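> Attaching a predicted model along with its sequence, questions to come.
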Amino acid sequence: MKHLLKLLDLSKEEIIDILNLADQLKYETKHGIEHHHLKGKALGMIFEKSSTRTRVSFEVGINQLGGYAVVLAGEGSQIGRGEPVQDTARVLSRYVDGIMIRTFAQQEVEDLAKYGSVPVINGLTDFCHPCQILADLMTIREYKGSFDGLKMCFIGDGNNMMNSLIVGCLKVGMAVSVACPEGYRPPKEILDFAAQYDCFELTDDPMTAAKDADVVITDVWTSMGQEEERAAREKAFKGYCVDERIMSVAKPDAIVQHCLPAHRGEEITEEVFEANANPIFDEAENRLHAQKAVMVTLMKD
Ligand code: CP
Ligand code: NVA
């Protein structure tokens, strides 16, 4: 494993290895055991979209591993003025030991890896959000003990979160059911991947998707970069709010996950969100541990 560009590139074993290392690093962090696996190493972080969790968890994470972060906002760097990614990749590779990037097009992340010579980590694109899903899988395993026999249901937009959850959950052995309105389905590449699995279901009915689910997941209806579509999306996703009615058909011990930020009253009710605050904020915390595991896997000598 040279990069983390998308979960489609990873084997089940590579995903499980990262999760196991994340568990270990979490244990060591909680018990004050130092783990300076990346002593003196620099992580370059490129943000062409907003972030709270990704920014803070990567920066704290690389520091806990003995390294340090250099942050580049799209605005204020030459990237924002159109310097080609091929050149940015070759320049940054001379300075840093790994690059985390959050941007719009998946191709930009793939090109950064192609033209650079250091590991590249995808911190979210329009297509996928692999770091988030590693944290989600880590949290699901903490709450449920294993992935065997579990059903994950995602209700909402066929966006970066749905795409990565479909791939990640199917790869580790979970059944997956997703509900989204027509016109907001995941792209063909994801549906073609999912079609290899009998335990995958795509529906436009949230109640069908949520039936007997162990984990119910949702995300915003309007992702970063889609702000002009907000009104149309609010209309299209009416009926896709994760509420008590939807939760009533899931397993009684089902947990809810949300990558955050959440829009209470849109994709999730205040009641369902607060009833699941523990797993949701554990999920946010696990970004730190999962990404540390990714950085150690990719950047350690
Ligand atoms: N979930 C997530 O990626 O959060 P940020 O946008 O705050 O980084
Ligand atoms: N789908 C959301 C996820 C934010 C973490 C977005 O891309 O804006």
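Received the coordinates, thanks. Ligands and ions are numbered 1, 2, ... in the order given.
> Quick one: residues contacting S117.
For S117, the contacting residues are 90, 93, taking CB atoms under 8 Å, 6 or more residues apart in numbering as the criterion. Glycine gets a C-beta too; all of them are placed from N, C-alpha and C.
> wait, H129
122, 160-161, 164, 259.
> just V167 next, same as before
Here V167 is in contact with 6-8, 128, 133, 190, 193-194 (CB under 8 Å, 6+ apart).
> what do you get for Y184?
Counting by CB under 8 Å, 6+ apart, Y184 makes contact with 157-158, 233, 236-237.
> on that earlier part again, can the contacts of H129 go into JSON lines with extra columns for neighbour count and pLDDT?
Formatted as JSON lines, those follow (neighbours: other CB atoms under 10 Å; pLDDT from 0 to 100):
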{"residue": "N122", "neighbour count": "29", "pLDDT": "99"}
{"residue": "N160", "neighbour count": "25", "pLDDT": "98"}
{"residue": "M161", "neighbour count": "25", "pLDDT": "98"}
{"residue": "S164", "neighbour count": "27", "pLDDT": "98"}
{"residue": "C259", "neighbour count": "26", "pLDDT": "98"}
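> Could you list which of these also contact ligand 1?
C259 (CB under 6 Å from any ligand atom).
> before we move on, the earlier item: which of the contacts of V167 fall in helices?
Where those overlap with helices, as defined by DSSP state H, the overlap consists of 133, 190, 193-194.
> Ligand 2: which of these is nearest?
Within the ones in helices among the contacts of V167, the smallest distance to ligand 2 is 11.2 Å, found for I133 (CB to the nearest ligand atom).
> so how far is ligand 1 from that closest one?
Distance check for I133 against ligand 1: by CB to the nearest ligand atom, to the nearest Å, it reads 10 Å.
> Show me which residues of the stretch 1-150 of the chain are close to ligand 2?
Within the stretch 1-150 of the chain, the positions near ligand 2 by CB under 6 Å from any ligand atom are L124.
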